[in-house]
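Asker: with the input below, show me the fold.
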Amino acid sequence: MNTLNDDLATVQAFRGGTLEDDVFDPMIAKSINDENTFKFSIDGKETPLSDGSLYVDSKMNLLGSLSFIRETFSMSARLYDKNDIKMQRGSKILTLTINSLDATLNDDAIMLSAEPQIVGNTAYVPISDIAQLFNYGYDWDDTTYMLSLDTKNAGKAVLPGHFDLRDDSRVSSIRDQGDENTCWAYAAIGALESSLLPEKKYEFSPDDLINKKGYSYTDKDGGDYSQAAGYFLSWKGPKEKEKESSASVHVQGLKFYSNDDIDKIKWAVFKDGGVSTSLYIDNALAGMHESKYYNSKANAYCYDGSEKPNHDVVIIGWDDSFPKERFRGKARGNGAFICQNSWGESFGESGVFYVSYFDSDIGDQAVSYYDVEPVNNYDEIYQSDLTGWTGQIGYQKENVLGANCFTAKTDIEIKAAGFYALDKQNFYDLYFVPDFTDVDSLANRTLVASGGLEDAGYYTVPFSSSVEVKKGEKFAIILSITTIGSNEPMAIEYQSDNIDGDIDVSDGESYISKNGITWESVEKYFNANICLKAYGDYTDGTAEK
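Answerer: Take a look at the predicted model:
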């Protein structure tokens, strides 16, 4: 009996297995990440994934980006000092460290199955651990690259009774708008900066937004959230300095709320940072004097009248127990939003004050910036609505189809499209049309994405698979959108008295249809462009970004 040879065979087999894991797993992982063919379903429903949402490490562990974790698990998840990650869902607070298996859950030491990592500029955490710790069902199929989660044992996520972004270093600096009516720009910039904190600290220029908003309003006329959205979504900005030639980040997604969305606004603050909002400020308070709606001793404000909103601030937290008595008898119950103003640090609590949940306007025209990405997320944006959403059209029914046509500037892969949803409860289908010549070409369309959207806002939706287009080729994106209760669900940019002379609706080619068969020219019949953008990456990888 040759035991030596048997033992040698055993050792060699073991070494072969180790070599296979150490060498081939990183190669397989790289291939999976490069191909980016991940799939995701939650509670049995497949959901589109943005690029970079998932990542496989060198040991074949599945990791998720913090933005994916926030949206999927309904929690706060933020990176501090490029090293520590704080996550909170309900009463559970989980603290992780980059490149370490050590973690704490409510101050109790635990061990993770895989290390959190930073890849490029994105922090990733092990999804299996997050799912287990927060009672989600988890399955990862490494043959089909499908992640499946279920929420049946997770329980409903609960917000804390008090939350303040200042406690987590997630608020922008206090600014002073002076005597100009530019609060809307300061609020938009403040909310956007907050959405990036604490991972990325920017000081964007409100002046660049004010000067390039695309409207004929002067500083004295004021502005609103839609003007800021148009500026951000067209990639005109934001810029850290007004004279910079390009944007510092790309805003790809935002959500709109109204004053009956108190809980949704709280969730947006909790997950995504500051939320800009409008409210009415009476003349006395605007002049920095005592007001019957403002208690300066408690920095508490509650307006209970019917005037339209005239001022924008940033919601940075809330306190459910804030006493109603502090609101000069105007509030019907306890509770207040914590708001950051743009009147300098001498106002309120170092620039911050408390607005009652029962204020007539708080939450009106509220905006959260939930999807803000690096400027290398896409190489190219195709658009004709540089001013953004200024109106809407439809056929007096909940569904409408719109098409935008573009000519490729270079060889490119079209990967995603962006559009507005103008109210709650939306359903969409996106189609790609190659070799566009005229409206008859729109019948030759291929479905590239579909889904539902709960909230109004602007959404960038990735295609199920990218589509290659050659330089000079004309292509079209078709959006079929259904908005429950709406008669005009399609957002447009159109020439109105409030749009300056730089806006030229002839720069686009848009069509609208009530049935997907017959199409009308939006430029010809409505003097407008459809708000529908396309995003892509150069196929040779060498073109200048």
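
Asker: looks to me like Phe68 is in a strand.
Answerer: No. Per DSSP: H, G, I helix; E, B strand; the rest coil, Phe68 lies outside any strand segment and is helix.

Asker: need the contact list for it.
Answerer: Applying CB atoms under 8 Å, 6 or more residues apart in numbering to Phe68 gives the contacts 49-50, 53-54. Using the backbone N, CA and C atoms, a C-beta is placed for each residue, glycine as well.

Asker: what's the burial count for Asn99?
Answerer: 9 (other CB atoms under 10 Å).

Asker: in the stretch 151-300 of the chain, which spans are strands?
Answerer: Under the criterion DSSP state E, counting those that start in this stretch, the stretch 151-300 of the chain contains strands at 162-164, 250-257, 275-279, 294-295, 300-301.

Asker: which residues are contacting the fourth one?
Answerer: Put plainly, it is strand 294-295. 284-285, 300-301, 326-328, 353.

Asker: what of the second one?
Answerer: By CB under 8 Å, 6+ apart, the surrounding residues in contact with strand 250-257 are 192, 225, 229, 232-233, 235, 238, 264-265, 268, 275, 277, 363, 365-375, 377-378, 418, 455-460.

Asker: let's see 7 Å
Answerer: The contact list for strand 250-257 (CB atoms under 7 Å, 6 or more residues apart in numbering) reads 229, 232-233, 235, 264-265, 268, 363, 366-373, 375, 377, 418, 455-460.

Asker: low-confidence ranges, the chain, go.
Answerer: Residues of the chain meeting the criterion pLDDT under 70: 1-23, 214-221, 284, 286-289, 497-504, 541-545.

Asker: can you list the domains in it?
Answerer: Domains of the chain are assigned by automatic domain parsing as 36-142, 162-370, 378-538.

Asker: end to end, how far does the second one reach?
Answerer: If I follow you right, that is domain 162-370. 21 Å (CA to CA, to the nearest Å).

Asker: where does it sit relative to the chain's centre, distance-wise?
Answerer: Centroid displacement of domain 162-370 relative to its chain, using CA atoms, centre = their mean, to the nearest Å, is 17 Å.

Asker: next step: the contacts of strand 250-257 restricted to strands.
Answerer: By the criterion of DSSP state E, membership of the contacts of strand 250-257 in strands covers 366-373, 418, 457-460.

Asker: need the helices for this structure, in chain order.
Answerer: Secondary structure of the chain (DSSP state H): helices at 3-19, 25-35, 66-73, 127-133, 183-196, 206-211, 225-233, 262-272, 283-286, 522-526.

Asker: among these, which is the most enclosed?
Answerer: helix 183-196 (a mean of 27; mean count of other CB atoms under 10 Å).

Asker: residues contacting that one, please?
Answerer: Contacts for helix 183-196 (CB under 7 Å, 6+ apart): 165, 170-172, 175, 177, 202, 204, 206, 209-210, 222-225, 228, 238, 272-276, 311-314, 316, 340, 342, 367, 369, 372.

Asker: mind running it again at 6 Å?
Answerer: Helix 183-196 is contacted from outside by 170-172, 175, 177, 202, 204, 206, 209-210, 223-224, 228, 272-276, 311-314, 342, 369, 372, using CB atoms under 6 Å, 6 or more residues apart in numbering.

Asker: kindly report the same for stretch 31-44.
Answerer: Stretch 31-44 is contacted by residues 47, 49, 54-56, 145-151 when judged by CB under 6 Å, 6+ apart.

Asker: of those residues, grab the buried ones for ChimeraX.
Answerer: In ChimeraX, this line selects whichever of those come out buried by 16 or more other CB atoms under 10 Å:
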select :47,49,54,55,56,145,147,148,149,151
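
Asker: could you work out the most separated pair of the contacts of stretch 31-44?
Answerer: By the measure CB to CB, Val56 and Thr151 form the most distant pair in those, at 23.5 Å.

Asker: what sits opposite the nearest residue to Thr144 once chain neighbours are set aside in the beta ladder?
Answerer: Nearest non-adjacent residue to Thr144, counting by CB to CB, 6 or more residues apart in numbering: Lys39, 6.8 Å away. Bridge pairing for Lys39 (DSSP bridges) gives the partners Met146.

Asker: distance check, Lys39 against Leu386.
Answerer: 35 Å (CB to CB, to the nearest Å).

Asker: more neighbours: which of the two?
Answerer: Leu386 (20 against 16).

Asker: quick check: the more buried one touching Ser234?
Answerer: Yes. Counting by CB atoms under 6 Å, Ser234 is a contact partner of Leu386 at 4.8 Å.

Asker: residues contacting the nearest residue to Ser356 once chain neighbours are set aside?
Answerer: Once flanking residues are discounted, Ser356 sits nearest to Cys302: 3.7 Å by CB to CB, 6+ apart. Contacts for Cys302 were tallied using CB under 6 Å, 6+ apart; they are 327, 330-331, 356, 359.

Asker: could you rerun that using 7 Å?
Answerer: 293, 327, 330-331, 355-356, 358-359.

Asker: most widely separated two among the residues you listed?
Answerer: Pairwise over the contacts of Cys302, using CB to CB, the maximum falls at Tyr293 and Phe358, 11.7 Å.

Asker: tell me which of these two has more neighbours.
Answerer: Shown here are Tyr293 and Phe358; by other CB under 10 Å, Tyr293 has more neighbours (22 against 18).

Asker: not counting sequence-adjacent ones, nearest residue to the more buried one?
Answerer: Tyr293 sits nearest to Tyr303 (CB to CB, 6+ apart), 4.8 Å away.

Asker: pull the contacting residues for that neighbour.
Answerer: Applying CB under 7 Å, 6+ apart, we find Tyr303 in contact with 279-280, 282, 293, 359-361.

Asker: now Ser346: how far from Glu46?
Answerer: Distance from Ser346 to Glu46, by CB to CB: 53 Å.

Asker: ok, the two, which is more surrounded?
Answerer: Neighbour count, other CB under 10 Å: between Ser346 and Glu46, Glu46 has more, with 13 against 10.

Asker: now the nearest residue to that one once chain neighbours are set aside: how far from Glu523?
Answerer: Closest residue to Glu46 apart from its sequence neighbours, by CB to CB, 6+ apart: Lys39 at 6.5 Å. Distance of Lys39 to Glu523, given as CB to CB: 39 Å.

Asker: do Ala123 as well
Answerer: 44 Å.

Asker: same question, Cys339
Answerer: 42 Å.

Asker: over to Asp540?
Answerer: The value you get for Asp540 to Glu523, if CB to CB is used, is 33 Å.

Asker: same check, this time on Asn310
Answerer: For Asn310, the distance to Glu523 - CB to CB - is 35 Å.

Asker: repeat for Glu193
Answerer: 37 Å.

Asker: Pro434 too?
Answerer: Distance from Pro434 to Glu523, by CB to CB: 22 Å.

Asker: next: Ser486.
Answerer: Using CB to CB, one obtains 23 Å as the distance from Ser486 to Glu523.

Asker: swap in Ile69?
Answerer: Taking CB to CB, one finds Ile69 at 43 Å from Glu523.
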